[in-house]
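Enquirer: sequence-free structure coming up:
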């Protein structure tokens with residue numbers, strides 16, 4: 001405990017000024033929330049008389065597009081001129097192509113309506129009875145009664161509330177069941193992280209705040225909150241936070257350079273084009289820069305907290321190990337982590353960009369042109385920048401953790417008895433242990449600590465059996481006394 005308190009004081013002297021500086025930067029960059037000058041048409045804003053309704057599909061049919069639309073319009077208008085309607089439908093059926101219609105029962109009640117399904121949805125995924133959908137209701141729109149041959153109910157999207165809620169509950173249950181209280185705190189910290197993203201970083205980008213400072217300040221605030229809230233205030237957590245800040249700095253510098261050097265302008269993206277036309281303050285290159293930094297937060301936090309915990313566990317198992325041996329042992333774990341996380345990032349980005357990869361593959365272009373194209377260059381640079389940042393963060397975090405644990409100057413009480421144990425091993429002397437000479441390794445320290453622990457337990461069991469530890473004598477001790 002004395003070692004942990006001293007380590008916390010050392011780390012606090014570094015982290016408290018950095019935290020205060022970060023909070024001051026956050027206060028200076030905090031967005032005003034004004035949306036003046038922003039012109040963006042909401043695709044889910046309905047015109048007068050038009051509503052977005054939900055319902056459950058009862059049956060699915062494939063009919064002639066013009067015939068289905070005509071039947072739908074006639075049912076809404078309540079026409080009874082069957083003869084003329086049949087003639088009109090006969091003429092339209094010869095001109096139109098086949099479309100998919102879903103008879104849907106509205107959730108608000110009423111008779112089933114005939115919803116026309118988008119051709120791309122019908123071809124790629126399709127609809128089936130039992131699906132819940134959201135559709136556009138044009139039956140009450142002005143001029144709808146005069147619109148002959150046009151559908152009155154148009155498919156918009158599927159209703160995915162139930163499966164997403166079930167998955168979220170399952171995820172929370174699994175995390176809490178395995179990680180328990182720490183898992184619950186991590187979930188709450190994740191909610192706080194998204195609050196910082198939605199209330200600080202995104203509005204700041206819309207208002208034209210400096211993207212590099214915005215990403216650095218916002219990411220640092222997120223990491224401070226998430227790490228301490230999930231893992232508690234400890235020297236391990238503070239060490240991981242310092243390593244994370246270093247990795248963020250490296251990632252930010254590389255992202256700032258790569259965005260300009262590779263001319264990442266977001267050209268060709270539909271979303272980027274929408275943002276450019278939305279406001280003159282939004283910089284697409286700034287949005288890309290901010291995204292490059294944010295995308296590496298999760299895996300960066302993963303490797304730093306793992307390395308910090310590894311160093312502290314190794315130190316507690318072998319407190320007599322030198323700083324060099326402790327660093328070497330921890331880096332063996334770090335190298336394994338590097339090997340796994342590098343392709344983890346690459347596959348994560350490849351999975352997110354799978355449709356683009358398929359399209360580019362079908363172009364049958366050379367590999368070099370494909371990787372440097374406008375469609376893939378941003379993903380490639382995001383992978384490289386994030387990987388460099390996390391790889392460099394591992395040795396830095398390990399070094400900081402080693403320096404902190406060795407700077408405590410507190411050795412375990414078991415070291416006092418270490419010479420007695422070491423003298424039993426051939427070629428080992430107490431002087432070797434004190435000076436760090438000979439074949440003294442971390443493995444030796446672990447074995448010595450285990451031997452000491454076993455001896456202590458054996459002595460305690462003997463004292464307990466005889467009642468020497470101040471407690472009540474055991475049955476075995478009473479039999480020994482009587483004998």
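Expert: Arrived safely, thanks for sending. In this text, all values refer to a predicted model and were calculated from it rather than measured experimentally. Residues are numbered from 1 along each chain as shown.
Enquirer: residue 296: what's it in contact with?
Expert: Residues in contact with residue 296 (C-beta atoms under 8 Å, 6 or more residues apart in numbering) are 247, 251, 345, 385-386, 389-390. To be clear about C-beta, it is placed using only N, CA and C from the backbone, and glycine gets the same treatment.
Enquirer: please name the nearest non-neighbouring residue to it.
Expert: Among residues not flanking residue 296 along the chain, residue 386 sits closest, at 3.6 Å (C-beta to C-beta, 6 or more residues apart in numbering).
Enquirer: could you check which helix or strand contains that neighbour?
Expert: Under the criterion of DSSP states H and E, residue 386 resides in helix 377-407.
Enquirer: buried stuff in that helix?
Expert: 377-383, 385-402, 404-406 (16 or more other C-beta atoms under 10 Å).
Enquirer: look at the spatially most central residue of the chain and report its pLDDT.
Expert: By C-alpha atoms, centre = their mean, the mean C-alpha position of the chain lies nearest to residue 298, the distance being 5.3 Å. Looking at residue 298, its pLDDT is 78.
Enquirer: next one: residue 201 from residue 207, what distance?
Expert: 11 Å (C-beta to C-beta, to the nearest Å).
Enquirer: coming back round to it: CSV please, covering the contacts of residue 296 and showing distance to residue 162.
Expert: Shown next, in CSV, are those (distance: C-beta to C-beta, whole Å):
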residue, distance to residue 162
247, 39
251, 38
345, 32
385, 38
386, 34
389, 39
390, 37
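Enquirer: mean confidence (pLDDT) on the helix or strand residue 249 falls within, please.
Expert: Here residue 249, judged by DSSP H and E, is contained in helix 235-261. Averaging pLDDT along helix 235-261 yields 87.
Enquirer: repeat for stretch 181-197
Expert: Here the average pLDDT along stretch 181-197 is 88.
Enquirer: in that stretch, which residues are buried?
Expert: With burial defined by 16+ other C-beta under 10 Å, the residues of stretch 181-197 counted as buried are 183, 185-187, 189-190, 193, 196.
Enquirer: same thing with stretch 344-352?
Expert: Going by neighbour count (16+ other C-beta under 10 Å), the buried part of stretch 344-352 is 345-346, 349.
Enquirer: other residues contacting it?
Expert: 296, 299, 357, 379, 382-383, 386-387, 390.
Enquirer: dump the residues you listed to JSON lines, plus distance to residue 136.
Expert: Output for these, formatted as JSON lines (distance: C-beta to C-beta, whole Å):
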{"residue": "296", "distance to residue 136": "40"}
{"residue": "299", "distance to residue 136": "41"}
{"residue": "357", "distance to residue 136": "33"}
{"residue": "379", "distance to residue 136": "34"}
{"residue": "382", "distance to residue 136": "36"}
{"residue": "383", "distance to residue 136": "40"}
{"residue": "386", "distance to residue 136": "41"}
{"residue": "387", "distance to residue 136": "45"}
{"residue": "390", "distance to residue 136": "46"}
